[in-house]
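S.K.: Here's a sequence, model it:
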Amino acid sequence: MIIEISVLIMAISVAALVIFLIQTLRKAQHSIDTANETLREARDLIHSSKDDVEGLVGNVRDLIAQVNTQVGAVEPLMSSVRDVGTVVHEVTTAAREVSTSWVGSLKRKSQHAVAQVDRATAAKAAEPAPANNMKWLDWLDTGVKVARGVQNAMQAFKSTNRAAAPQVAATSETVVKESIKQEPVAQEQVTNLNRRLS
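M.R.: Prediction:
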């Protein structure tokens, strides 16, 4: 009887164990089914996202191609602007050199003219006074006329652009000569001065 009771207890224990195992296996099966469903949804989401990502990558590639095309179109313009900047720099340098040489030439001419006037003045002071001596008012009149001629030449110079500077120098000489020719006394004084200088 002890054996029978022992076998009965074992049978009940095994039955209880099997019942608990069945419940645990059902819960495990339910968890596995839920996990499978979640994985299936995740797979579907990944597939749909994959299509969206591929479309986005395609759009980015198209955008990069368009940007490269635009940069390629702008590059010749930038090259032209760079060339124009170089040309403007060269023109400015050339204009500065011409201006410097022109100013230097004008300075040399003015120094030469001043030296001639100084020599003429020194020669006049060294020689005895001639009989047809010009009065100081005549010299003042001549100086005023020369100043007017220089003023007219400066106005002509200001009214023209700097590119025509050599023409302005010739024009200023003409204006001075014309203003001197307008007054016969001034012409006579210039003739006397030229005679004395030579």
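
S.K.: Can you check the pLDDT for Arg26?
M.R.: The score at Arg26 is 93. That number is its pLDDT.

S.K.: Just after the host helix or strand of Ile32, pick out the following helix or strand.
M.R.: Taking DSSP states H and E as the definition, one finds Ile32 inside helix 2-126. Next helix or strand after helix 2-126 toward the C-terminus (DSSP H and E): helix 136-159.

S.K.: tell me the mean pLDDT for that next one?
M.R.: 75.

S.K.: Show me what that helix is packed against.
M.R.: helix 165-181, helix 184-197 (3 or more CB pairs under 8 Å, 6 or more residues apart in numbering; DSSP states H and E). Placement of C-beta: from N, CA and C, glycine included.

S.K.: Sort out which residues of that helix are buried, please.
M.R.: Within helix 136-159, the residues that count as buried by 16 or more other CB atoms under 10 Å are Asp141, Thr142, Lys145, Arg148, Gly149, Asn152, Ala153, Phe157.

S.K.: wait, which of those residues is closest to Glu41?
M.R.: Phe157 (90.4 Å; CB to CB).

S.K.: worst average pLDDT in the helices and strands packed on helix 136-159?
M.R.: When these are compared by mean pLDDT, helix 165-181 comes last with a mean of 51.

S.K.: Pick out the residue nearest the middle of this structure.
M.R.: The centre of the chain sits closest to Gly85, judged by CA atoms, centre = their mean, with a distance of 7.2 Å.

S.K.: quick one: pLDDT of it?
M.R.: pLDDT, Gly85: 86.

S.K.: Which residues are in contact with it?
M.R.: Counting by CB atoms under 8 Å, 6 or more residues apart in numbering, Gly85 touches no other residue.
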